[in-house]
Structures are given as structure tokens and as C-alpha cells.
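Undergrad: Return a 3D structure for these sequence lines:
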Amino acid sequence: MRKPIILITVCRRYHELDKCIQHIESLYTEFPEKPEIVVVWACPELGRLWYFQDLLKEKRISHLVYRESTLKDGLTEGPTTYVASLNIRKGLDFIKNTYTFPFYIIYNDADILIEPGHFRWIHNEMQTNIEGVL
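TA: Numbers count the residues shown, from 1 in each chain. A predicted model of the protein is given here:
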């Protein structure tokens, strides 16, 4: 059975991140086991570190990955920005180097709330021999 890992990216949208994690927690029953949650924190603000430390201590998230600021932060370049892609790549690389297969990854930006039923559907699809679902 493939283990579920949820990758969340956030950049200074802490209220949205909290709502997102609460929402995911409310849908844990859609998985046979609690999914791991990996958060990529882009442009970390040292004064907010306590918030993420609390999430880790309370086991609401499994791992926190830092993505340092770049010159491109704050610029918009279309539907998926360079820094958004950088955040996703940073998280995917961390997961690939940290977890042992079999697993699958659900990517979720902090300001997105998944409709009930979708996690169950994705989980069931990822237990087949397919390589991915979009």
C-alpha cells in the first residue's frame, strides 16, 4: 500500500495554512492511515518560527522545509510563478530523499481547501498500478 504524503507550500499566509491543516485533519478518515504532512515555508520570517515549532511539537505536521528568499519573490509571472515552482520542487526533493517508496504525494497550496471525498478518491487511485493522478 502506498503511504499518503501531503505537501503544503506557504509564504506568509499563516492564517490560510492553519485553516488548510485543520481542514486536512477533518478529512483524515478518508485515508486508512494518517498522512504525513510536509510543509515548505518560503521566505521564512524568524519571528514566526514559534508557530511552526508548535505545529511540529503537536504533530500536526511531520516536517518543515525552509526555502530561502530569492530575487524573484514578490513578482508575478503568470499562473504558476517561478517561486511557486521552486517551492514545489524543494518539497518534492525533500520527500524523495526522506521517505522510502511506496508513497504518493498530494500537493496542496496553503490557501486551497480540498473538497470532501477527493482524498479518498486519490488514495484509492494511487493504490493501483498507475503512476499519477491529476
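
Undergrad: from the chain's centre, how far out does the longest helix anywhere in the chain sit?
TA: Scanning the chain for the helix with the most residues, using DSSP state H, yields helix 82-98. What separates the centre of helix 82-98 from the centre of its chain is 10 Å, taken as Cα atoms, centre = their mean, to the nearest Å.

Undergrad: Would you agree A42 is in contact with T81?
TA: No: A42 sits out of contact with T81 when judged by Cβ atoms under 8 Å, with a separation of 10.7 Å. (Glycine included, C-beta is placed from N, CA and C.)

Undergrad: okay, the two: which has more neighbours?
TA: Each of A42 and T81 has its neighbours counted (other Cβ atoms under 10 Å); A42 has more, 22 against 15.

Undergrad: The residue lying closest to the more buried one once chain neighbours are set aside: what's it in contact with?
TA: Leaving out its chain neighbours, the residue that sits closest to A42 by Cβ to Cβ, 6 or more residues apart in numbering is C11, at 3.9 Å. Counting by Cβ atoms under 8 Å, 6 or more residues apart in numbering, C11 touches W41, A42, C43, D73, V83, N87.

Undergrad: Would you mind giving me the confidence score for C11?
TA: Note for C11: predicted pLDDT of 89.

Undergrad: With L71 instead?
TA: pLDDT, L71: 68.

Undergrad: in the chain, which spans are strands?
TA: Taking DSSP state E to define them, one finds strands in the chain at 3-10, 36-42, 63-67, 103-109.

Undergrad: Make a markdown table out of these and add distance to I95.
TA: Below are the strands of the chain laid out as a markdown table (distance: least, Cβ to Cβ, whole Å):
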| stretch | distance to I95 |
| --- | --- |
| strand 3-10 | 6 |
| strand 36-42 | 6 |
| strand 63-67 | 8 |
| strand 103-109 | 6 |
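
Undergrad: wait, which of those is closest to Q53?
TA: strand 63-67 (8.4 Å; Cβ to Cβ).

Undergrad: Can you give me the pLDDT of P116?
TA: For P116, pLDDT reads 97.

Undergrad: Need phi/psi at the residue nearest to A42.
TA: Backbone geometry at C11, expressed as degrees, to the nearest 10, gives phi -140, psi 100.
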